[in-house]
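S.K.: Pasting the sequence and the predicted coordinates here, then a few questions.
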Amino acid sequence: MRQKQYLIIGGSGEAGQSALEELRNSQPNALLVATTTGSSEIGGADITLTNISADHHITQNISSQLNSKNISQEWEALIYTPALGEVGYPIRQTSKEALSSALSISYDPLVLLEKEFKPKLSIGYSAFYWLPHTLSFYGSMGYVKLIMDEWALTSPSNRKIIRAGTFYSKSVRGISLILQRSLKTTQEEELLDLKNKFQSSQLKFQDFFLEYAWNHEREYFADKAEDSPYRATTRSDLGRGLRYALQIEEPIITVLGDWTWKENQLPYLPDWFQSKELL
């Protein structure tokens, strides 16, 4: 029987590392290939493809290294983790230019890889981009995550999204730093509310930001607390999300602390929040 192969784009980040850990535990005989933008080996990967950027050259650069290593290009799953775009302002203020820039890293390479390699499954990551507090600061990434949800919904048999709650990571740290700078000069009503709550909290902004997000998650998803109380998400929960994504028929799996649920439609969104408005 052919050895199962998994391609993890962005193996050094939190999502990439959680994927490698889950796959190594659940499928010890699988071949795990991970990419990095740097030149160092990725912990947990059998093979590291170095100096791979999330751009329009990604398929050629990966194929070249795979060929040089005599590695088959048949994949059980493609797991795509890169996510970068302008944040720190209300999603509704996203410009076409900002969205295009964010998509060029966070989504477009995924589409290119899917078309080139035709994996059995293509898996991306999303967030609670529609929650009221997130609408106020998630900027262009709000539209990116909506577009990724729509991508999965159009072909649920071979596309999956793992949606995870807020947890401490370099990404969240970066968002909190940008948001803190934005609050110094903002006149946006949504951000002024956040600014006032921060100023009265007596916390460092990063600590405040995490508590702020967790409190909103706890309140918004209170109906999930019937079986167990709310718990903040950790990196290990992402691994659980991947385990489900590899098994379920539905296109979206959500992990929020101890809670897990499946989805097959978009969340309720404001009328202005439509991807077609900016594409």
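M.R.: On my side now, so go ahead.

S.K.: The closest residue to Phe221 other than its chain neighbours: neighbour count?
M.R.: Spatial nearest neighbour of Phe221, chain neighbours left out: Leu256 (6.3 Å); criterion: CB to CB, 6 or more residues apart in numbering. (Each C-beta comes from the backbone N, C-alpha and C, glycine too.) Leu256 has 23 neighbouring residues, counting by other CB atoms under 10 Å.

S.K.: gap between Leu256 and Ile123?
M.R.: 18 Å (CB to CB, to the nearest Å).

S.K.: Could you do Val111 as well?
M.R.: 13 Å.

S.K.: Tell me which stretches of the chain form helices.
M.R.: Under the criterion DSSP state H, helices of the chain are mapped to 14-26, 58-68, 96-106, 108-117, 132-135, 139-154, 170-183, 189-199, 205-220, 235-245.

S.K.: okay but the residue nearest to Phe221 is in contact with Lys224, surely?
M.R.: Yes - the criterion here is CB atoms under 8 Å, and Leu256 meets it with Lys224 at 7.1 Å.

S.K.: tally of neighbours for Asn158?
M.R.: Asn158 has 16 nearby residues by other CB under 10 Å.

S.K.: now Gly239
M.R.: 22.

S.K.: residues contacting the residue most central in space within the chain?
M.R.: For the chain, the residue sitting closest to the mean C-alpha position, by CA atoms, centre = their mean, is Tyr125 at 3.1 Å. Each residue near Tyr125 by CB atoms under 8 Å, 6 or more residues apart in numbering is listed here: Ala15, Tyr80, Thr81, Ala83, Met148, Ile161, Ile162, Arg163, Ala164, Leu238.

S.K.: From those, pick the one nearest Tyr107.
M.R.: In terms of CB to CB, no member of the contacts of Tyr125 lies closer to Tyr107 than Met148, at 6.1 Å.

S.K.: Same list (the helices of the chain) but as JSON lines, adding distance to Val33 and mean pLDDT.
M.R.: Formatted as JSON lines, these follow (distance: least, CB to CB, whole Å; pLDDT from 0 to 100):
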{"stretch": "helix 14-26", "distance to Val33": "10", "mean pLDDT": "97"}
{"stretch": "helix 58-68", "distance to Val33": "8", "mean pLDDT": "98"}
{"stretch": "helix 96-106", "distance to Val33": "20", "mean pLDDT": "97"}
{"stretch": "helix 108-117", "distance to Val33": "11", "mean pLDDT": "99"}
{"stretch": "helix 132-135", "distance to Val33": "33", "mean pLDDT": "94"}
{"stretch": "helix 139-154", "distance to Val33": "22", "mean pLDDT": "98"}
{"stretch": "helix 170-183", "distance to Val33": "23", "mean pLDDT": "93"}
{"stretch": "helix 189-199", "distance to Val33": "41", "mean pLDDT": "91"}
{"stretch": "helix 205-220", "distance to Val33": "33", "mean pLDDT": "96"}
{"stretch": "helix 235-245", "distance to Val33": "16", "mean pLDDT": "97"}
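
S.K.: Between the ones you listed, which one is closest to Lys262.
M.R.: Counting by CB to CB, Lys262 lies closest to helix 235-245 out of those; the figure is 7.6 Å.

S.K.: what's the angle from the closest one to helix 14-26?
M.R.: If you take axes from the mean of the first three to the mean of the last three CA atoms, to 10 degrees, helix 235-245 sits at 60 degrees to helix 14-26.

S.K.: ok, so what distance separates Tyr89 from Glu277?
M.R.: Distance, Tyr89 to Glu277, using CB to CB: 16 Å.
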